[in-house]
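[1] Here's a sequence, model it:
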Amino acid sequence: MSETSQRRIVIGDVHGHYEGLMKLMEAIAPASEDQVYFLGDLIDRGPKSCHVIDFVKDHNYGCLLGNHEQMLLSILTGANVSTPAMQAWLYGGGQATIASYENGTIPEEHLEWLKTLPLYLDLGDIWLTHAGVDPELPLAEQTAEQFCWIRDEFHSISQPYFCDKLMIIGHTITFTFPGVLPGKLAQGQGWLNIDTGAYHPRSGWLTGLDTTNNLIYQINIFNNSVRTLPLAEGVVMVEPSKIAGRRHKQRA
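    Just a heads-up that it's a prediction; the model follows:
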């Protein structure tokens, strides 16, 4: 299987699983000229969010703001934080993030770095964001609420939001889409979802996508298995009509 040099790699939601990320990066083996991007949700749920942030930050990899980073920043740097909001973040994985830091204190250096994360990245033919966009709004009117949190309203679009770009997203575990098995990617109208649920007991797959060579790299958090396969063999097309109006099963 031949590969093109200067690859563009996109990695899905890591959720604090540092060891799994290290195994995935070993399988991908990015060269210095390769471009590596993370779709956000580096943190929460897994045991080593601190290590994941350090790794991505120290390598100067591209990274987006996910809803879990947004929650952390809102709780730790916002004013008048409500008790329900704090409880929601802790219940959604924030306790594991705090525990990953010495003395349970997230350093200012990490907080300041998280504040710099963009809501989207335009790579020309590929457009990256954590969750998606509101299909009814122009790009200039979208906010972090859409980029970090949206689900069914975006997934059920019948026409691509961009006519000339593939949108690659995470946020929603792919097996929650109709007909998609754990570990498979999900594709809709103009979008491709690569969050295969690294933290979830039904899956455990952490995914990296080589968009240059259309290759999927995956590591399973629970059994340490590694696999590489062509994109065409690992993606399932999702019908918009089967998404619209469904009750979503995934927690934040």
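[2] What are the neighbouring residues in contact with I9?
    I28, P30, D34, Q35, V36, Y37, G208, L209, D210, T211 (C-beta atoms under 8 Å, 6 or more residues apart in numbering). Backbone N, C-alpha and C define where each C-beta goes, glycine included.
[3] ditto for I173
    I173 sits next to D195, T196, G197, H200, S203, Q250 when contact means C-beta under 8 Å, 6+ apart.
[4] possible to save the residues you listed as TSV with neighbour count, pLDDT and distance to M71?
    Listed next are the contacts of I173 as TSV, based on neighbours: other C-beta atoms under 10 Å; pLDDT from 0 to 100; distance: C-beta to C-beta, whole Å:
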residue	neighbour count	pLDDT	distance to M71
D195	31	98	16
T196	27	98	22
G197	24	98	19
H200	20	97	18
S203	22	97	22
Q250	13	65	15
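[5] Take these and lay them out in a markdown table including distance to P47 and secondary structure.
    Converted to a markdown table, these look like this (distance: C-beta to C-beta, whole Å; DSSP: H, G, I helix; E, B strand; the rest coil):
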| residue | distance to P47 | secondary structure |
| --- | --- | --- |
| D195 | 19 | coil |
| T196 | 19 | coil |
| G197 | 16 | coil |
| H200 | 15 | coil |
| S203 | 17 | coil |
| Q250 | 21 | coil |
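[6] which residues does I126 bridge with?
    L166 (DSSP bridges).
[7] Show me the strands in the stretch 151-252 of the chain, by range?
    Listed in chain order, the strands of the stretch 151-252 of the chain (DSSP state E, counting those that start in this stretch) span 166-169, 185-187, 191-193, 205-210, 215-220, 226-230, 235-237.
[8] if we can go back for a sec, which of the contacts of I9 lies closest to R227?
    G208 (11.4 Å; C-beta to C-beta).
[9] wait, doesn't that closest one sit right on T228?
    No: when contacts are counted by C-beta atoms under 8 Å, G208 is not listed as touching T228 (9.6 Å).
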